[in-house]
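The following block contains a protein sequence and its predicted model.
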Amino acid sequence: MSKNYRRYDTLEAARFTAEELGASRNGQAGPINVLKIFGENTLHIETLRTRLPKSAWKEFQKTLEKGEPLSQHVADAIALVMKDWATDKGATHFTHWFQPLTGSTAEKHDSFITPNQGGGAVAEFSGKDLVQGEPDASSFPSGGLRATFEARGYTAWDPTSPAFIVENPNGKVLCIPTAFASWTGEALDLKTPLLRSIDAVEQAALRAVRLCGEKGVKRVFVTAGFEQEYFLIDQEFYYRRPDLIASNRTLFGAKPPKGQEMEDHYFGSIPDRVLAFMLETERELYRLGVPVKTRHNEVAPGQYEIAPLYETANVAADHQQLTMSVLQRTARKYGMVCLLHEKPFDGVNGSGKHTNWSLATDTGINLFDPGDTPHKNRLFLYFCAAVIRAVHKHQDLVRISIQGAGNDHRLGANEAPPAIMSIFLGDQLDDVFRQLMKGQPESSKPTGLLGLGTRQLPPISKHAGDRNRTSPFAFTGNKFEFRAVGASQSVSFPLTVLNTILADALNEMNDLLEAELKSGKRLREAMINVLRPILEESYKVVFNGDGYSDEWKEEAARRGLLNLPSTLDALRMMPSEKNKELFERLKVLNEREFEARYEIFLEQYFKTINIEANSVQQIGHTMILPAAVRYINELAAAVDRGKQLGISTKGTEQLLAQVSGLVDDLVARLDALEKQNLAEVGDDPLALAQHAREQVIPAMNAVRDAADRLERILPDDYWPLPTYREMLFVK
């Protein structure tokens, strides 16, 4: 009889219920009163307005609206209000919360309490503490902007994003959103370029709005909203998977008997334990002022989605980081782990972060809203044409903005858009723009009503255009949805790129339109004279068909569109003079900052694959091979025993030969992987990344193939890793 070597119990993972782990345990049972709790842990501008002296508030308004420097006495006044508000809520520490180039967030906690001369202590927090901090700049990715011995860096308060309080059972911390820069002034974070890009696109958009004849507009805001997909697995399984712990994805795993083939998980009934987790997640996000709106099951078993309403882009980006943090923190309370990797499980749906992006004026105009008659909507036609121009002219940057080793597993894999950057507009807008390219747009296809063939159901509104899930950049009614962004990514860099390339396109079109108007043309004629050649050159980036088809790849090549299937393909395009000049000219990234990001992206790509390769090698040698050898021993013993008893062992001998052959194959492939891991490639980031993609990844895949074949025939009690069947379905 076989010895049970299994080191975990599936029933252990399924024993908890939502009632045991959920709201009743933490004293938060009962329905959520959103109106009462929304933003209670966020220091809103309105709170500052009511608590600050009028003179300080008026000066602070100039900082918010015009970017004027903040005087020391106003900073001290704001710091006092912030400290009193935070300590009233029980906060004992504060931190400058920033987004270094790791893609996640960073924080260093300092106490409000300062000892005094009488032997006691007082709570202090000055304007200097608020406005500026000093973390170690050499300990974060800098791409050469900071050497190891050059440690000084600064965090600078971002007053446009509200401070908030993070709670722990043993205390609370005031988090102050900040930018992060080096001692020499270069941006070492994701927030600073985002803020610069928002300035750039606002200036270009204001000029465009005024040239198009719209009066009274003083501000243009970038708005954004994000659809975050994620997986949940039981922590019992997570901690038994060294690959998940090290790399956040499964590096081994045979396809389960059932995956997502039945299409029964999408929008299905949410399991009680998962729903309890979702409710607590939403409660915490509401308290932090994050306007979450949607929750549902996603396509793959064990996969879910959460999405907020739209906010200004900077705040939305901060809230997106908070959302990821709260998802991961809350999952642990329910005995689960939240996986944000783009492809944690091979062969099932990957996870994205659809980034919905638009522009709005302070007078209430959504510049990406076509209205009922888009052929008459000059603002929409102008701004939509600018997006088409921007994406076509800067396809490389759009692809670079969603680069990453994790996203490479997802893009084009029948659950995500392909790596060819194209725009979907839908039938109605496609018709309008084709009219414009031929002459004057005279009509728009009607929306109409859709009858459902029964008197019991009234007709419903039918949109003028369908949706296209295979498009990386799709128009969806009143916004563009950048579907190619990966689930684990910070949205700040994709937004920075979109804002920058749109500002570039608008500036180009604004110059042309201004020249047309100065020559005496009427506005409509001038606009058509500008838009027609722009569209004729750039409309090739518009594609409304099946982005997964081989025909599209061939058609895209004929159109001259870029097909950059991997991160390395995309990054090779990054250091072009065109790209450096664009970011420098619009003052979003100077040349040193831009080149630093190129180097960091290459390093992150290599390091990610290197960690995965070392994990594959270790797990293969220390877990999978020993399990297979144990089984060989058992089979060999069974063959010997059968011969002693004089019974047939033909089937056992065949199985023994099969397992032994697979073990030989696995050992050979592990040796080949080790050879690639130890190969001398040098220190050049591009060479390291290229070796990782061309040599290490194929060697890893070969090891996995042999191991997955072993998993299919080894006894269940011998296999040392939780299986896909267990991780995806046990909730």
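Yep, it's here.

Poorly predicted segments of the stretch 451-600 of the chain, please.
451-457, 459-468 (pLDDT under 70).

quick one, strands of it?
460-461, 473-475, 480-482 (DSSP state E, counting those that start in this stretch).

Tabulate those strands in a markdown table, adding columns for mean neighbour count and distance to residue 251.
C-betas here are computed from N, CA, C, even on glycine. Formatted as a markdown table, the strands of the stretch 451-600 of the chain follow (neighbours: other CB atoms under 10 Å; distance: least, CB to CB, whole Å):
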| stretch | mean neighbour count | distance to residue 251 |
| --- | --- | --- |
| strand 460-461 | 8 | 46 |
| strand 473-475 | 25 | 31 |
| strand 480-482 | 25 | 29 |
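
so which of those strands comes closest to residue 312?
Comparison of the strands of the stretch 451-600 of the chain against residue 312 by CB to CB identifies strand 480-482 as nearest, at 16.5 Å.

Mind giving me the packing neighbours of that closest one?
strand 353-361, strand 473-475 (3 or more CB pairs under 8 Å, 6 or more residues apart in numbering; DSSP states H and E).

Of the strands of the stretch 451-600 of the chain, which is nearest residue 296?
Here strand 480-482 is closest among the strands of the stretch 451-600 of the chain (CB to CB), at 16.7 Å.

ok, back up a step: got TSV for the strands of the stretch 451-600 of the chain, with distance to residue 613 too?
Shown next, in TSV, are the strands of the stretch 451-600 of the chain (distance: least, CB to CB, whole Å):
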stretch	distance to residue 613
strand 460-461	52
strand 473-475	33
strand 480-482	31
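
These: which one's closest to residue 338?
Judging these by CB to CB, what sits closest to residue 338 is strand 480-482, at 22.6 Å.

For stretch 157-168, list every residue counted as buried.
Neighbour-count burial for stretch 157-168 flags 157, 158, 159, 160, 161, 162, 163, 164, 165, 166 (criterion: 16 or more other CB atoms under 10 Å).

First-to-last residue distance for it?
24 Å (CA to CA, to the nearest Å).

Stretch 368-385 too?
For stretch 368-385, the end-to-end distance is 10 Å (CA to CA).

What mean pLDDT does that stretch get?
Stretch 368-385 shows a mean pLDDT of 94.

could I have the helix or strand harbouring residue 274 exported to PDB, CA atoms only?
Here residue 274 sits within helix 272-287, counting by DSSP states H and E. This file holds the C-alpha atoms of helix 272-287, laid out as PDB (Å, rounded to 0.1, in the frame of the first residue of the first chain):
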ATOM      1  CA  ASP A 272     -21.000  33.200  -0.100                       C
ATOM      2  CA  ARG A 273     -17.400  33.300   1.200                       C
ATOM      3  CA  VAL A 274     -16.300  35.400  -1.800                       C
ATOM      4  CA  LEU A 275     -19.300  37.700  -1.500                       C
ATOM      5  CA  ALA A 276     -18.500  38.300   2.200                       C
ATOM      6  CA  PHE A 277     -15.000  39.200   1.100                       C
ATOM      7  CA  MET A 278     -16.300  41.500  -1.600                       C
ATOM      8  CA  LEU A 279     -18.600  43.300   0.800                       C
ATOM      9  CA  GLU A 280     -15.900  44.000   3.300                       C
ATOM     10  CA  THR A 281     -13.600  45.100   0.500                       C
ATOM     11  CA  GLU A 282     -16.200  47.600  -0.700                       C
ATOM     12  CA  ARG A 283     -16.900  48.800   2.900                       C
ATOM     13  CA  GLU A 284     -13.200  49.700   3.300                       C
ATOM     14  CA  LEU A 285     -12.900  51.300  -0.100                       C
ATOM     15  CA  TYR A 286     -16.100  53.400   0.500                       C
ATOM     16  CA  ARG A 287     -14.500  54.600   3.800                       C
END
